[in-house]
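Enquirer: Next input, structure requested:
(one chain, ligands or ions: 1)
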Amino acid sequence: MTTVTTPATTKDYRSTVFLPRTDFPMRANLPAREPEILERWQRLDLYRRQRAAAAGREKFVLHDGPPYANGHLHMGTALNKILKDVVNRSQQMLGRDSVYVPGWDCHGLPIEWQIEQRYRQAGKDKDTVSIAEFRQECREFALHWIDVQRSEFQRLGVIGDWDHPYTTMAYQAEAGIFRELAKFLLSGELYRGRKSVMWSVVEKTALADAEVEYRDHTSTTIMVRFPVVEAPRPELSGAAVLIWTTTPWTIPGNRAVAYGEGVRYVVIEVTEVGDGSLAQVGEKLVLAASLVGNVANQAKITGHRTLAEFSGEALAGTICRHPLHGKGYGFQVPLLAADFVDTEQGTGLVHIAPSHGADDFELGSKHGLEVPDTVGEDGRYADDVPLFAGTHVFDAAEPMIGALSETGTLLARGRLTHSYPHSWRSKAPLIFRATPQWFIPMDGAGRLREKALQAIAQTRWVPPQGENRIRGMIESRPDWCVSRQRVWGVPIAVFVHKATGEVLRDPEVVERIAAAFEQDGVDIWFSGEPGRFLGPDRNPADYEQVVDTLDVWFDSGSTHAYVLAARPELTWPASLYLEGSDQHRGWFHTSLLLSCGTRGRAPYDRVLTHGFVVDAEGRKMSKSLGNTISPLDLMKTMGADILRLWTVSTDYTEDIRIGDEILAGQADAYRRLRNTLRYLLGNLAGFGEAERLAYAQMPELERWVLHRLAELDRLARECNRSFDFPRLYSALHNFCATDLSAFYFDVRKDSLYCDRPDSMRRRAARTVLDQLFACLTAWLAPVLVFTTEEAWLTRFPSEDDSVHLRLFPDLPADWRDPELGARWDRIRRVRRVVTGALEVERRDKRIGSSLEAAPQVFVGAADARLLATVDFAELAITSGIEVITGEPPTGAFTLDDTPGVGVVPKLAEGTRCARCWQSYASVDTDGLCARCADAVAARAP
Ligand SMILES: [Zn+2]
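Expert: Got it, this is the predicted structure:
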């Protein structure tokens, strides 16, 4: 075997080779470069420039769900805003006008709580501060965080109308929120009812969850009989249903007993009792089968037998007597199914007092039970409560036990130390108490539930399982309690006639209030001049002025009205709402109800949801676990483009993991994409229109690349339209890594470096590189916002241009050539066997580069015909190749997935060209092959 000889000449031809030239650095240094690019966009006023460029196009309006203005960004808010930005930018580049107005949610307890915290730390009493002053501090707090978050969102590369965001605390918004409320008021769809809330009898106020702490408390417990008066099952007649409670004082508020449909219940007959037992031989008791032993123990029942056993459903329709029947509690008590009933302790049957518990209240609303006003704000029973009027609930246990003993319904008593809610401030134990609250009915004359369910069916939910989630919630939800007893919010600016209890429904009063709010903000409601709103014909003394504030979910739920419908650049309904999947319960839900209540349909055409950010092991991020990752830290170490790439790289409809290794993987993917752009830029240096070649004049290899571009164009449009970014970005990454870097770029390196500039082959390659650059910078622009801008400006330096003013390129239809694509799939398959064989040769040091090889390739007849149509040595980057029809000989290199193809490596013969390093039978006296001699001559001046 002869080997390649090196030519005699020592002449250095490096300067005659077209090595890549570009200022686009290999090292991205994003943390330093991104802020410079941001400044440039601000100078250009890129958002306005986009609007001007898109003027007249169909609008795409993603309505921003407002984040709460009380802290720095975390991974979840970063992910949400980046996804929105990718959607907006891709829609813009698809040819729409993507108008994006960011917003902030400002009212509500978390901010109020922060200000109160400041007061506590300063030893200041909140009650000595005027409402106006307190609200002003809340407002300033929110303003501060809006500024902080705005610059953080911008640092992530998110584009939008940051100079004119919406906030729920703007006067115009506060007036808008009230106007929406007033629509419900005027149509009769706002009523005052009662609701069970956590209440401190010491501070005489309702407490929010954040103000409650749990500590141990010892309670008197009682086991009480509810005699059955009506039962669909004969074995229940004459029996008593048994309940157990740790709050004897709630018995006057009892209106039902709950059972679990899946729980097994028994009817037992007592046959023997111990000393001091309150049970009676012969009596029949109904309770959960698994708790019979415990109950017998506590009630000193020493003998019993089971008369019947059934599952909970059999209790449906059963009616009992109140245990204080005959003492002013004459009403009947139905048995109701509830999913919160368990058999951990007690009797497996739960006494329900709708005024005195969250579960109790919800079950009561579902079944239309009365919510009696049993306990006053000082913790004493109301005057109309038989037996106990005026008694404090915390002193009620013994009188209660006495009364139940008298009616013969007490079966046992005991004591229990358990975790119980206490006031964060006073440390006093809390009670649940019914308080007057304002509601929007679900099934009133406005048929809100029905309309909302219809609207859900007319909305597109992505992913589709979101539809069932929100439908289930709307189907089962109780009336919406829209009132809160707080200060930092929009007031329920309503008057109630003191004498009649009638709510004032006067459009003129409503308009006076709304106009005042718009002019001066809602503080004016609290500053007390009701006459100004009531007008000259009404006496303010006749009216109660409601000072409750609205649930903040009402504020954000009505943004569609005072943002979407009010701003001329936006459209109603929105094209898209995009938030975390918890918003089926939150923003999607309340926006739907408010929009259906006032406009009869959803405020959105589509709803897209994403999961939550979790750590690499799938755990929730928390300070206590120490596994939080701050997006702001990542900006300083890796850059926004890496974080953005991570955002679109995984299926975001599920929970999304992040960790050091995952980010390192994204950094690798980023480098691959960056190096692809850098290769294009380096080899496009000096490319001009005169050099461009028509499609028909191109070699098949170039036409294959254009075919792949056409395929990717189709995919990119489809994925961008359906928000399937992970699929698109995985395809783009594979294209850059496999089709380009490992194949096309590798094959064409020789032509690009060594052919004379006017060679058709080189011109075709550079024409294709130009198309690749146009497509890749566009397709990557919605995600790698900084890097594509840097690449674009490197190639086309400009003071006022931007890659983000472009559209996705329109590719000629004839680039798509599936038949060509299939043939090249096969060619590349055979090529993989060749490169595999040469890899072994290189590893074993028999060759340095593939150009030192001229292998034999054994193929079937069809492959041989196929390979004859191309320069296979060029594609395999060898100095020669021999395609032989026939079975591969023993010992030939093969790959399992390409049967019938074998490669026998052979060294190339001849002399190596001093310039291109390919081997030829002969080279000239300067050591050059004919192609290189020609190229060098063409370069000479
Ligand atoms: Zn050469």
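Enquirer: what does the protein put close to the ion?
Expert: 913, 915-916, 929, 932 (Cβ under 5 Å from the ion). In this view, the C-beta of every residue, glycine as well, is placed from N, C-alpha and C.
Enquirer: Secondary structure and neighbour count added to those, as TSV?
Expert: Putting the residues of the chain next to the ion into TSV (DSSP: H, G, I helix; E, B strand; the rest coil; neighbours: other Cβ atoms under 10 Å) gives the following:
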residue	secondary structure	neighbour count
913	coil	25
915	coil	25
916	coil	22
929	coil	25
932	helix	26
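Enquirer: Where do the strands of the stretch 1-150 of the chain begin and end?
Expert: 59-63, 97-99, 103-104 (DSSP state E, counting those that start in this stretch).
Enquirer: farthest-separated two in the residues of the chain next to the ion?
Expert: For the residues of the chain next to the ion, the maximum inter-member distance is 7.5 Å, found between 915 and 929 (Cβ to Cβ).
Enquirer: What is the longest strand of this protein by residue count?
Expert: Taking residue count as the measure and DSSP state E as the definition, the longest strand of the chain comes out as strand 212-230.
Enquirer: Tell me the helix or strand right after it.
Expert: The C-terminal neighbour of strand 212-230 among helices and strands, as given by DSSP states H and E, is strand 239-245.
Enquirer: Which neighbouring elements make contact with the helix or strand where residue 732 lies?
Expert: With the criterion set as DSSP H and E, the secondary-structure element containing residue 732 is helix 725-734. Helices and strands touching helix 725-734, as assessed by 3 or more Cβ pairs under 8 Å, 6 or more residues apart in numbering; DSSP states H and E, comprise helix 640-649, helix 660-683, helix 700-722, helix 760-780.
Enquirer: switch the cut-off to 10 Å
Expert: When contacts are defined as 3 or more Cβ pairs under 10 Å, 6 or more residues apart in numbering; DSSP states H and E, helix 725-734 packs onto helix 75-93, helix 640-649, helix 660-683, helix 700-722, helix 760-780.
Enquirer: and the closest residue to residue 582 other than its chain neighbours, what does it touch?
Expert: Counting by Cβ to Cβ, 6 or more residues apart in numbering, residue 612 is the residue found nearest to residue 582 once chain neighbours are left out, at 7.9 Å. Applying Cβ atoms under 10 Å, 6 or more residues apart in numbering, we find residue 612 in contact with 75-76, 79, 580-582, 620-621, 652, 654-656.
Enquirer: for residue 475, same thing?
Expert: Contacts of residue 475 by Cβ under 10 Å, 6+ apart are 442, 449, 452-453, 456.
Enquirer: For the stretch 451-600 of the chain, which residue gets nearest to the ion?
Expert: Using Cβ to the ion, the single residue of the stretch 451-600 of the chain nearest to the ion is residue 462, 55.7 Å away.
Enquirer: Please tell me I have it right and that residue contacts residue 581.
Expert: No - Residue 462 lies out of contact with residue 581 (Cβ atoms under 10 Å); the separation is 11.0 Å.
Enquirer: anything in contact with each of the two?
Expert: With contacts taken as Cβ under 10 Å, 6+ apart, residue 462 and residue 581 have 608-610, 653 as neighbours in common.
Enquirer: and the residue nearest the centre of the chain, backbone torsions?
Expert: Using Cα atoms, centre = their mean, the residue of the chain that lies closest to the mean C-alpha position is residue 580, 2.2 Å off. The phi and psi values for residue 580, taken as degrees, to the nearest 10, are phi -60, psi 160.
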